[in-house]
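Asker: Mind folding the following:
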Amino acid sequence: MNKLIFLAAIVVCLTISCSNPNQSDNAGNQIVIANDTSKTIKNKNLITQKITPYLWVEKDAKAVADYYLSIFKDGKLKDFRKFNSGESGNGAGIETAVIEIAGMEFTILAAGPLFKFNEAVSFVINTKDQSETDYYWEALTKNGGEEGSCGWCKDKYGLSWQVVPTEYFELIHSDDPVVREKAMKNTLKQKKLILSELK
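Answerer: Alright, predicted model coming up:
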């Protein structure tokens, strides 16, 4: 029951913080970083997509946001907020961050160690070539990340990713059964996907 109250409080806090019909147009285009009015993030629309992945982490939403933004170089921080225990209903308070990476928004919620990532939910990075595959694989598996098999890996927070060159899909969907079989058979032998060994 306490978890339901807590989650309801989060929804209320986010709703209040993200919408205020009495704001002027200019004020509505700025999202203030909580507890630091000297910093603002310009943004005309905080919510820009129909479905937003929500990532629950134990603590420090800003550090998590900075980590993903260091990997996805075209990303940006769209919002960061802190809610104290009175505002959030959680004794330790909560933090939220909204980032955009590869054109997709993610919300990060730092609200304690109640939930952990597992392989039931993961994200696929479609890379343009082997060089980009190598980059993301290295970036995600270093500093506490973990290599898996068949192109799967985990980052240092335990979130699962599959790093896949787009050419891979051409191989496994080829009209030539020999090409398909070689690609699939060799996939099972690999950790990071290596195109030259799949062709």
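Asker: Enumerate every residue touching Lys76.
Answerer: Each residue near Lys76 by Cβ atoms under 8 Å, 6 or more residues apart in numbering is listed here: Leu69, Ile99, Glu100. C-betas here are computed from N, CA, C, even on glycine.
Asker: Against Glu132, how distant is it?
Answerer: In this view, Lys76 and Glu132 are 20 Å apart by Cβ to Cβ, to the nearest Å.
Asker: Among the contacts of Lys76, which ones are in helices?
Answerer: If you go by DSSP state H, those have Leu69 in helices.
Asker: can you put the contacts of Lys76 in CSV and add distance to Gln190?
Answerer: Converted to CSV, the contacts of Lys76 look like this (distance: Cβ to Cβ, whole Å):
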residue, distance to Gln190
Leu69, 29
Ile99, 30
Glu100, 31
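Asker: now, which of the contacts of Lys76 sits nearest Leu109?
Answerer: Ile99 (12.2 Å; Cβ to Cβ).
Asker: mind checking pLDDT for that closest one?
Answerer: With respect to pLDDT, Ile99 scores 97.
Asker: List the beta-bridge partners for it.
Answerer: Ile99 has these beta-bridge partners by DSSP bridges: Leu77, Phe106.
Asker: can you count the residues close to it?
Answerer: Around Ile99 there are 24 other residues, counting by other Cβ atoms under 10 Å.
Asker: Surely it is in contact with Ile108?
Answerer: Yes - taking contacts as Cβ atoms under 8 Å, Ile99 lies within contact range of Ile108: 6.9 Å.
Asker: How about stretch 52-68, which residues are buried there?
Answerer: Buried positions in stretch 52-68, judged by neighbour count with 16 or more other Cβ atoms under 10 Å: Leu55, Val57, Ala61, Lys62, Val64, Ala65, Tyr67, Tyr68.
Asker: typed the wrong thing, it's stretch 154-174
Answerer: Judged by neighbour count (16+ other Cβ under 10 Å), stretch 154-174 contains these buried residues: Lys154, Asp155, Tyr157, Leu159, Ser160, Trp161, Val163, Val164, Pro165, Glu167, Tyr168, Leu171.
Asker: Mind putting the residues you listed into TSV with secondary structure and pLDDT?
Answerer: Below are these laid out as TSV (DSSP: H, G, I helix; E, B strand; the rest coil; pLDDT from 0 to 100):
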residue	secondary structure	pLDDT
Lys154	strand	98
Asp155	coil	98
Tyr157	coil	97
Leu159	coil	98
Ser160	strand	98
Trp161	strand	98
Val163	strand	98
Val164	strand	98
Pro165	strand	98
Glu167	helix	97
Tyr168	helix	97
Leu171	helix	97
